[in-house]
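Asks: the following block contains a protein sequence and its predicted model.
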Protein chains: 2
Amino acid sequence: MEVHQLRYFCAVAESGSFTRAAEREQVAQPSLSQQIMKLEEELGVRLFDRLGRTVRLTGSGQVFLPRARAILVELKAAKDEVAERQSSVSGPVSIGVIPTIAPYFLPLPMALFSRKYPQANMTVVEDVTARLMDRLRAGQIDLAILAMPMRGHDVETFQLRTERLFALLPRAHRLAKKRKLQLKDLRDQPFLLLREEHCFRDTAIEVCKRARVTPHIVFESGQFSSIMAMVGAGLGISIVPEMAQEQRPDCSFVVVADERASRTVGVATLKGRYLSRVQRAFLSHLQSFAQKDN
Amino acid sequence: MEVHQLRYFCAVAESGSFTRAAEREQVAQPSLSQQIMKLEEELGVRLFDRLGRTVRLTGSGQVFLPRARAILVELKAAKDEVAERQSSVSGPVSIGVIPTIAPYFLPLPMALFSRKYPQANMTVVEDVTARLMDRLRAGQIDLAILAMPMRGHDVETFQLRTERLFALLPRAHRLAKKRKLQLKDLRDQPFLLLREEHCFRDTAIEVCKRARVTPHIVFESGQFSSIMAMVGAGLGISIVPEMAQEQRPDCSFVVVADERASRTVGVATLKGRYLSRVQRAFLSHLQSFAQKDN
DNA sequence: GTGTTTAATAGGCTATAACTATGGAACGCT
DNA sequence: AGCGTTCCATAGTTATAGCCTATTAAACAC
């Protein structure tokens, strides 16, 4: 039983004629007759009585007609729903983001996108890189905003911006007044860093190592605000990304002048993953926030 | 969009693999891939994400899946309903019958058929031949029981029985005691006949004419019972078919011995008309009441 | 790395739905 | 009644398109 057979059947039933039905369906009359016969054969029942030049539904045909119509309608509805889904910028977008980016970067793009496309249904998952990648691979999130570079053959990444790193110092610190500093200036300072699962911890340690500095870690936390409070209390120093800067009476931020002392923020999607129209729209929306200059 | 594409799509969605789906659908894997791609092309949307060796529905695929399933289910339901209709002896049977046959012949066959197939839904239309033929052609009745022969290229007929004609006489009539009589014996008798629309009137006149008798008609009615009452009252005589005989104190029935003084009862269907299983069953049931002899 | 699994590609084959042309039956008209 | 017209079915042909096998490319497992 094929779709065109149902279409032809309905056309004959509605026009009461094979010839007119063939015209309506843009097909030669014998082709249509043939398909109707095939349908009748498969059903094991005559659907039409061919009475001279009038064609009339049999009882079985009358039973079959509404069902055939319903199927054609549902077929169209299924097609339309999928098309609608693609043509309108609406539907679910699930975004994963790491905690060291989420509060600083995401609010503005999300608010603007939500205003532009009220039909978009955004969900944000905040988690560390490893678990975000799991979710990305599991299809639970559509895209992930995290620190570049992302090794991993199965993801596609787009850089959004590269930001300088800043030393976070107590306001009373001897380096706090400088306009910039070198990481080697921080040697022997007690360090406060994020917990191991956070990738920015690795970034910070990495840049230190490159400057031949091995940080002495005295405190670990899950968020910058705890670290800042501790630093403000004079317990040590830290390194934070540019976007985490904020006005605080107890802390100073001094830019780290070392070559390559930076963090790159990017967005990742699963390679081969098909994105719906909203999802693609959000991705390019994010890219419009990328900063071309370093 | 074709039915097999929907089947393949559901198979892949359910098995999570093109290869397993191809096995399930008894088709080579490339064929299945091809049809899925074609479907995706028509919908303008990717339905599956091909992620390495795992295959997963896209959002659009998830939307499309339940609809595709529903369509396949309805397709089967439509097919099944038609099949059921043909396999079981149930459903509507509409029977037309002329008034000079209806009360005498039909009750027994109908009762037996109804007992044998309680699911059969019989309807009887009693009307004269001309209007029954109209209804037959209009598809309002499935078969018509009437007097043969039926001229008309567009009907198919089956003879059921041939019955002798009887002279209907007042009990006191001089011929009432005879075991049989000739039509010419009735010459000059006042005739009571059915109205013009009734074919049995024509039959009666026809047999008379053949016997060189021109009936002098003094009364016309729509039913035999009126005629019998009148005949019983001595107003004249009539001719009735064998099956209309009944025990009456005021009338006698004497068989007409003339060659070809008979009426043949048969059943007619519209040529080219497809009969459902019940309808065919009732037709052959009627034929089982045919009398081979005479 | 190597072997295995999986989906996509390529090319040939076949099945089938399309077409044109024609036949036959039914209906309308004169 | 004869004629022309209309309509569906049939016959034969063409072309589409779905299926196949063989192969490639990539991903995964060991």
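Replies: Okay, I see it.
Asks: would you map the helices across the stretch 101-250 of chain A?
Replies: A:102-105, A:107-116, A:129-138, A:199-210, A:224-232 (DSSP state H, counting those that start in this stretch).
Asks: of the ones you listed, give the one that comes closest to residue A:78.
Replies: helix A:129-138 (26.6 Å; C-beta to C-beta). Heads up, the C-betas are built off the backbone N, CA and C, glycines and all.
Asks: is DNA strand D contacted by that closest one?
Replies: No. Under the criterion of C-beta under 7 Å from any atom of the strand, DNA strand D is not reached by helix A:129-138; the shortest gap measures 8.6 Å.
Asks: buried set for that helix?
Replies: Buried residues in helix A:129-138, counting neighbours by 16 or more other C-beta atoms under 10 Å in any protein chain shown, are found at A:129, A:132, A:133, A:135, A:136, A:137.
Asks: what's the burial count for whichever residue of the stretch 51-200 of chain A sits closest to DNA strand C?
Replies: Using C-beta to the nearest atom of the strand, the single residue of the stretch 51-200 of chain A nearest to DNA strand C is residue A:52, 2.5 Å away. Neighbours of residue A:52 under the rule other C-beta atoms under 10 Å in any protein chain shown: 10.
Asks: leaving out chain neighbours, which residue sits closest to it?
Replies: Leaving aside its sequence neighbours, residue A:52 sits nearest to residue B:154 (C-beta to C-beta, 6 or more residues apart in numbering or on different chains; 7.0 Å).
Asks: test my guess that the one you found contacts residue A:51.
Replies: Yes. Under the criterion of C-beta atoms under 8 Å, residue B:154 makes contact with residue A:51 at 7.2 Å.
Asks: shared neighbours, these two?
Replies: B:137, B:270, B:271, B:272 (C-beta atoms under 8 Å, 6 or more residues apart in numbering or on different chains).
Asks: wait, what's in contact with the third one?
Replies: Applying C-beta under 8 Å, 6+ apart, we find residue B:271 in contact with A:51, B:153, B:154, B:155, B:156.
Asks: with pLDDT added, can I get those residues in a markdown table?
Replies: Output for the contacts of residue B:271, formatted as a markdown table (pLDDT from 0 to 100):
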| residue | pLDDT |
| --- | --- |
| A:51 | 84 |
| B:153 | 75 |
| B:154 | 79 |
| B:155 | 85 |
| B:156 | 86 |
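Asks: what's the closest of those to DNA strand D?
Replies: Nearest to DNA strand D among the contacts of residue B:271, with distances taken as C-beta to the nearest atom of the strand, is residue A:51, at 9.0 Å.
Asks: contacts only, for the closest one.
Replies: Residue A:51 neighbours (C-beta under 8 Å, 6+ apart): B:137, B:154, B:270, B:271, B:272, B:273.
Asks: and those residues, which of them are in strands?
Replies: residue B:270 (DSSP state E).
Asks: ok so, going back, keep only the shared contacts of residue B:154 and residue A:51 that also lie close to DNA strand C.
Replies: Among the shared contacts of residue B:154 and residue A:51, DNA strand C is touched by residue B:271 when using C-beta under 7 Å from any atom of the strand.
Asks: cool, thanks, talk later.
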